[in-house]
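Visitor: Below is the sequence, then the predicted model.
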Amino acid sequence: MTPLRQRMLHDMQIRNLALNTQKTYLLQVSSFARYFRRSPEVLGPEEIRAWIIHLTNERKLAPASVQLAVGALRFLYRTSLRRDWSDEDFPLPRRPVKLPVILSFDEVTRFFESIPSLKQRAILMTAYAAGLRVGIINLLRARRYYDIDSMDDQPAHVAKIKAHTFKHRSRAIDEATTIKAPLANLSVLMTFISRSSCQKPR
């Protein structure tokens with residue numbers, strides 16, 4: 001292992017980067033050095049630019065993969081080599097914005113009606129009405145249910161959540177009463193659940 005590689009590894013360990021991130025960053029820097037057949041210490045912004053063009057035009061990598069490669073070089077030069085380079089020296093490709101697929105009211109209705117189990121149907125309808133993501137649904141536990149009206153303005157304790165995903169109580173109520181489909185709302189779903197509850201569970 002070269003001294004530079006060892007230094008970069010230690011810098012990542014000191015900052016407690018994930019093991020996968022460490023391996024990926026080292027791999028990206030090694031690929032960068034092999035492409036130019038020189039040590040990264042003697043390479044600069046022009047080589048970084050040429051490397052990004054190579055990844056994009058020749059290797060046809062997705063923008064997310066190119067961003068990962070640039071992130072590795074940014075860490076190497078700014079942290080390990082302490083180069084005072086600006087963001088312009090590490091140009092990042094824009095990720096394409098994908099519009100979400102929004103189901104129509106009829107499509108949502110047909111989906112829920114296709115669920116034979118009343119229990120599963122109610123769970124999915126509630127999750128859909130609240131706009132919950134699959135990852136959040138997987139974290140739900142019966143012991144964590146709260147009566148939101150009894151909480152006043154007290155914050156809820158949420159496990160395994162990122163800082164930017166925290167929602168205030170008022171916003172949580174708004175999202176819980178909004179359906180991500182045209183003309184669909186919570187009252188429609190509650191009517192459907194009430195009507196279904198009168199039927200014999202299957």
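Guide: Perfect, thanks for sending it. In this text the structure is predicted, and so the values were computed from the model without any measurement.
Visitor: Would you agree Asp11 falls within a helix?
Guide: Yes: secondary structure of Asp11, determined by DSSP: H, G, I helix; E, B strand; the rest coil: located in a helix.
Visitor: In stretch 101-119, which residues are buried?
Guide: The neighbour-count criterion (16 or more other Cβ atoms under 10 Å) identifies Leu103, Val108, Thr109, Phe112, Ile115 as the buried residues of stretch 101-119. C-beta coordinates here come from the backbone N, C-alpha and C atoms, glycine included.
Visitor: what's the answer for stretch 28-39, then?
Guide: Judged by neighbour count using 16+ other Cβ under 10 Å, the buried positions of stretch 28-39 are Gln28, Val29, Phe32, Ala33.
Visitor: shouldn't the last one be in contact with Glu41?
Guide: It stands for Ala33. No: applying Cβ atoms under 8 Å, one finds Ala33 not in contact with Glu41, separated by 9.4 Å.
Visitor: how does this protein divide into domains?
Guide: Domain segmentation of the chain under automatic domain parsing yields 3-89, 105-197.
Visitor: Mean pLDDT lowest where, among these?
Guide: Considering the domains of the chain one by one, the lowest average pLDDT is found for domain 105-197, at a mean of 64.
Visitor: ok, residues contacting stretch 17-36?
Guide: Residues outside stretch 17-36 that contact it (Cβ atoms under 8 Å, 6 or more residues apart in numbering) are 5, 8-9, 12-13, 39-40, 43, 47, 51, 54, 68-69, 71-73, 75-76.
Visitor: Which members of these occur in helices, if any?
Guide: 5, 8-9, 12-13, 47, 51, 68-69, 71-73, 75 (DSSP state H).
Visitor: in a strand, that's where Val97 is, yeah?
Guide: No: applying three-state DSSP, one finds Val97 to be coil, outside a strand.
Visitor: Mind checking which of the buried residues of stretch 28-39 are in helices?
Guide: Secondary structure assignment by DSSP H places Gln28, Val29, Phe32, Ala33 of the buried residues of stretch 28-39 in helices.
Visitor: Is it possible to get a markdown table of those that adds distance to Leu132?
Guide: What follows is these, written out as a markdown table (distance: Cβ to Cβ, whole Å):
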| residue | distance to Leu132 |
| --- | --- |
| Gln28 | 35 |
| Val29 | 39 |
| Phe32 | 41 |
| Ala33 | 45 |
